[in-house]
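sequence first, then the predicted structure, then my questions.
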Amino acid sequence: MSRSVLASRSSELVAGCRFSGGLAQRNAAPRPSTRPSSSVISLNSGARAVPRSSLVVRAYQSQGSRGRFRGRGPPKPRGPPKNEDIRGKEVRVIGSQRENLGVMPTKEAVSLAQSEGLDLVLVTPDASPPVCRVVDFGKYMYEQEKKKKEAKKGQSKAKSSVKELKMRPNTDVHDYNVRLKRAKQFLAKGNKVKITVVFSGRDMAYKDKGRELLDRFRSDVEEDGHVDGRPCMQGRQMMMFLNPGPKKDKQ
């Protein structure tokens, strides 16, 4: 038998083995997969496959959200109690025109306010009986917020109304002129200025120099401000206050 014939028969045998092996693998029962499934498939054929990872994340988020907000309860109402939130059987009522309507049951006062299209708002809870007003709640809260802002502005203005400038008895000309310029700027803005001469160590023996320095400062700013009282000594500091505007002559 020739070599070519033997080679062709051997190739046919190899191909047949491969074909029979493939059929055996196809007809064999499927092996259980050792890898975890990446998705959960519903029994209904039309349902979408949901990734297992997303289910785990959703479950974790839902558990975390329940634990995070547990015990907080509903948000607190904004502003003072009104209408049905007012506790107590009786209240003293101030009408919409600020007239005193006297003491009446709380339910009756609420009905009276609602009949006018307004609200019954508790304004003085510590009184006996508590005092309520018939007002528009939104307008009332707006006015209260406005009053708070104005009060804060007044406090900040009062804190910043007094400006202090410090010097030493032996302050040189340059530093003196810098403080003089700043004092004039403060006085022009309507601020009160406090001029302080600080004594340290042996400077206490030269209080006269401090007085001369303040007198000179007073004369240099007399067109922009005037002295409020006499210079006074407190500890190691000599102080003088200046009010904005020139001093008015008494007629």
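Here it is on my side, so go on. Residues are numbered from 1 along each chain as shown.

low-confidence regions, the protein specifically.
1-77, 154-160, 248-251 (pLDDT under 70).

which stretches of it form strands?
39-40, 50-51, 90-94, 100-105, 119-124, 131-135, 162-167, 192-198, 225-227, 232-234, 237-244 (DSSP state E).

restrict the longest one to CA atoms and write it as PDB.
Right, strand 237-244. This file holds the C-alpha atoms of strand 237-244, laid out as PDB (Å, rounded to 0.1, in the frame of the first residue of the first chain):
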ATOM      1  CA  GLN A 237      -3.500 103.600  78.600                       C
ATOM      2  CA  MET A 238      -4.600 107.200  78.000                       C
ATOM      3  CA  MET A 239      -7.800 107.400  75.900                       C
ATOM      4  CA  MET A 240      -9.700 110.100  74.100                       C
ATOM      5  CA  PHE A 241     -13.000 109.700  72.200                       C
ATOM      6  CA  LEU A 242     -13.900 111.600  69.000                       C
ATOM      7  CA  ASN A 243     -17.400 112.000  67.700                       C
ATOM      8  CA  PRO A 244     -18.100 112.500  63.900                       C
END
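
ok, it: who's next to it in the sheet?
Strand 237-244 has its sheet partners listed here by DSSP bridges as strand 192-198 (antiparallel), strand 225-227 (antiparallel), strand 232-234 (antiparallel).

re earlier: redo the strands of the chain as a markdown table? Include distance to residue 150 and mean neighbour count.
Just so you know, the C-beta spots here come from the backbone N, C-alpha and C atoms, and that holds for glycine as well. Shown next, in a markdown table, are those (distance: least, CB to CB, whole Å; neighbours: other CB atoms under 10 Å):
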| stretch | distance to residue 150 | mean neighbour count |
| --- | --- | --- |
| strand 39-40 | 63 | 12 |
| strand 50-51 | 58 | 12 |
| strand 90-94 | 23 | 20 |
| strand 100-105 | 27 | 12 |
| strand 119-124 | 19 | 20 |
| strand 131-135 | 19 | 23 |
| strand 162-167 | 21 | 15 |
| strand 192-198 | 21 | 20 |
| strand 225-227 | 28 | 19 |
| strand 232-234 | 34 | 10 |
| strand 237-244 | 23 | 19 |
